[in-house]
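# whatever this is, show me its structure:
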Amino acid sequence: MEKVLITGIAGGQGRLLARRLRENYEVCGVDRVGWEGAPRGVKVHVVDVRKKKFEDVIRTEMPTAVVHMGFVRHFRASDEERYDTNVRGTKQLLDHCINHGVQKVVVLSSSYVYGAFPENAYFLDEDSPLAASRSYPEIRDLVEVDTLASAYLWRYPHLQTCVLRPVNVLGTYVHSMIGEYLKQSRIPTVMGFDPMMQFLHEEDLSEAIALALEQGLQGVFNVTGPGQVPLHTAIRETGGTALPVPEPILRSVFERAFRWGFQAIPPGALDYLKYPVTVDGSRFVEATKFRCLFELEEIFQSVVR
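Next up is the predicted model:
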């Protein structure tokens, strides 16, 4: 059996992916925290991808493929820690893959890297510019990770590098900013705006990653769910109540709450509550015949308050 190493394996999405892949692969993983109760046969190394010990794991485990999802995506960490873990850690991981014979790499990016702007096309394809840093500087590290992985795709064609940019992921186990936002009972929105949004179930994301591995995809691919709905519909379907607030007031509240540590949502994220970031996932569907197992109703029902 081929061996797959998952970074961030102890997180919700990492655990789901490990369980999905162990049917057809030998699975191991690394994380900065352990996974108590890991499935039998799944070996977990408690190590930081930035440390020398991570290269030792690559050397001793000799994985055929690596799925990289071990990022700091929350904003409780400092900008320096996020950048160091996400950008420098990814650079070192990709170099280790080149130096130790890894054949495939899947890097989990996000559709957020395109940025939320009023001039966005209704469906952004993979050739659209990654402009999120213009209005959302807090995620410039994730934009750089995506750009870095894309560069390795062309510099080292013998390493089958695949960058996946999924839309908003919801589910019982995955932790995401949009998930925490929708779990509130009274949800603040920007008055006068109701952008279209796309959602993907956590299990469908695991399936998409598995398909990318199985078919040895090489390139950049958007991964979309079963459709798109206005933000207010998503709030209603997850059981919340929208609370429209004038933008100047809401932005001021977000800025102060983020600066003082009362919430982990930066003010730059407000643009994603104003303008649509809907993407075209047809390239991935054509390459893999991917079909979502979960409809929008089931996705919204998976949000546990």
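
# any idea how many residues pack against residue 114?
Each residue near residue 114 was counted by other Cβ atoms under 10 Å, and the total is 24. C-beta here means a position set from N, CA and C on the backbone, and glycine is covered the same way.

# how far away is the closest residue to it other than its chain neighbours from residue 115?
Taking Cβ to Cβ, 6 or more residues apart in numbering, and ignoring the residues beside it in sequence, residue 114 has residue 124 as its nearest neighbour in space, at 5.2 Å. Computed as Cβ to Cβ, to the nearest Å, the residue 124 to residue 115 distance reads 9 Å.

# which neighbours do those two share?
Here residue 124 and residue 115 have residue 277 as joint contacts, going by Cβ atoms under 8 Å, 6 or more residues apart in numbering.

# which one of these two has more residues nearby?
residue 115 (23 against 19).

# thought that one was touching residue 136?
Yes: with contact defined as Cβ atoms under 8 Å, residue 115 reaches residue 136; the gap is 6.6 Å.

# which neighbours do these two share?
Listed as contacting both residue 115 and residue 136 by Cβ under 8 Å, 6+ apart are residue 271.

# surely the residue nearest to residue 114 meets residue 276?
No: counting by Cβ under 8 Å, residue 124 stays clear of residue 276, with 9.3 Å between them.

# for this structure, give me the ranges with low pLDDT.
Within the chain, the segments meeting pLDDT under 70 span 305.

# how about the strands of it, start to end?
For the chain, the strands defined by DSSP state E occupy 3-7, 26-31, 43-46, 65-68, 104-108, 160-166, 168-170, 186-190, 196-201, 219-223, 228-230, 241-245.

# quick one: strands adjacent to the second one?
By that I understand strand 26-31. Applying DSSP bridges, strand 26-31 is found paired with strand 3-7 (parallel), strand 43-46 (parallel).

# one more: the fourth one?
Next to strand 65-68 in the sheet, as set by DSSP bridges, lie strand 3-7 (parallel), strand 104-108 (parallel).

# next one: that strand to chain centre, how far?
Taking Cα atoms, centre = their mean, to the nearest Å, one finds strand 65-68 lying 14 Å from the centre of the chain it belongs to.

# can I get the CA coordinates of it in PDB?
This file holds the C-alpha atoms of strand 65-68, laid out as PDB (Å, rounded to 0.1, in the frame of the first residue of the first chain):
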ATOM      1  CA  ALA A  65       2.400  11.300  -0.600                       C
ATOM      2  CA  VAL A  66       2.000  14.200   1.700                       C
ATOM      3  CA  VAL A  67      -1.200  16.100   2.500                       C
ATOM      4  CA  HIS A  68      -0.400  19.500   4.000                       C
END
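
# other residues contacting that strand?
Residues outside strand 65-68 that contact it (Cβ under 8 Å, 6+ apart): 2-8, 17, 25, 58, 90, 93, 97, 102-108, 149, 209, 213.
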